[in-house]
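Participant: Got a sequence here, can you model it:
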Amino acid sequence: GENHPETANSYANLGLAYKGKDETDKAIEYYTKAVEIRRATLGENHTDTAAAYGTLGLLYKNKGDYERAIDYHKKSLAIREAALGPAHPGTGRLHWGMGNCEMARGNKAAARQCYQ
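Facilitator: Below you'll find the model as predicted:
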């Protein structure tokens, strides 16, 4: 059915395909749908929901929308830190992604904080 985790995975896979074709807006559309389904079926604090938020952050970064990218990375980070702990590699990648966004915005001090 429409509201099933496997359906969310299909939307996420379509998003990846569009990302691969450099069709960022279409990728964002499908990942947004995946997030909506994952939130409804798995909950806001599930690591699969966090993963989709993280991918949306990357997509918005690629689009140059750093504010939105950082917002999605922060959502993903909060969920992953709560579920996996602050030392998990997945949380480190999110700090790195946020640092890259801050550097792209010219905010070196904030980027350094993210990279530490």
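
Participant: what's the helix or strand of the chain with the lowest mean pLDDT packed up against?
Facilitator: Using mean pLDDT, DSSP states H and E, helix 89-104 stands out as the lowest-scoring helix or strand of the chain, at a mean of 83. On a contact count with 3 or more CB pairs under 8 Å, 6 or more residues apart in numbering; DSSP states H and E, helix 89-104 meets helix 47-63, helix 66-84, helix 108-115. Quick note: C-beta positions are derived from backbone N, CA and C, even for glycine.

Participant: Can you check what angle separates the first one from helix 66-84?
Facilitator: Translated: helix 47-63. Interaxial angle, helix 47-63 versus helix 66-84 (axes from the mean of the first three to the mean of the last three CA atoms, to 10 degrees): 160 degrees.

Participant: just the last one next, same as before
Facilitator: Computed with the same axes, to 10 degrees, the direction of helix 108-115 lies at 20 degrees from that of helix 66-84.

Participant: Give the buried residues for helix 108-115.
Facilitator: Ala110, Ala111, Cys114 (16 or more other CB atoms under 10 Å).

Participant: Give me the contacts around it.
Facilitator: The contact list for helix 108-115 (CB atoms under 8 Å, 6 or more residues apart in numbering) reads His95, Trp96, Met98, Gly99, Asn100, Glu102, Met103.

Participant: Can you redo these as JSON lines, where the extra columns are distance to Leu16 and neighbour count?
Facilitator: Shown next, in JSON lines, are the contacts of helix 108-115 (distance: CB to CB, whole Å; neighbours: other CB atoms under 10 Å):
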{"residue": "His95", "distance to Leu16": "23", "neighbour count": "16"}
{"residue": "Trp96", "distance to Leu16": "20", "neighbour count": "14"}
{"residue": "Met98", "distance to Leu16": "21", "neighbour count": "26"}
{"residue": "Gly99", "distance to Leu16": "24", "neighbour count": "21"}
{"residue": "Asn100", "distance to Leu16": "20", "neighbour count": "19"}
{"residue": "Glu102", "distance to Leu16": "25", "neighbour count": "21"}
{"residue": "Met103", "distance to Leu16": "25", "neighbour count": "16"}
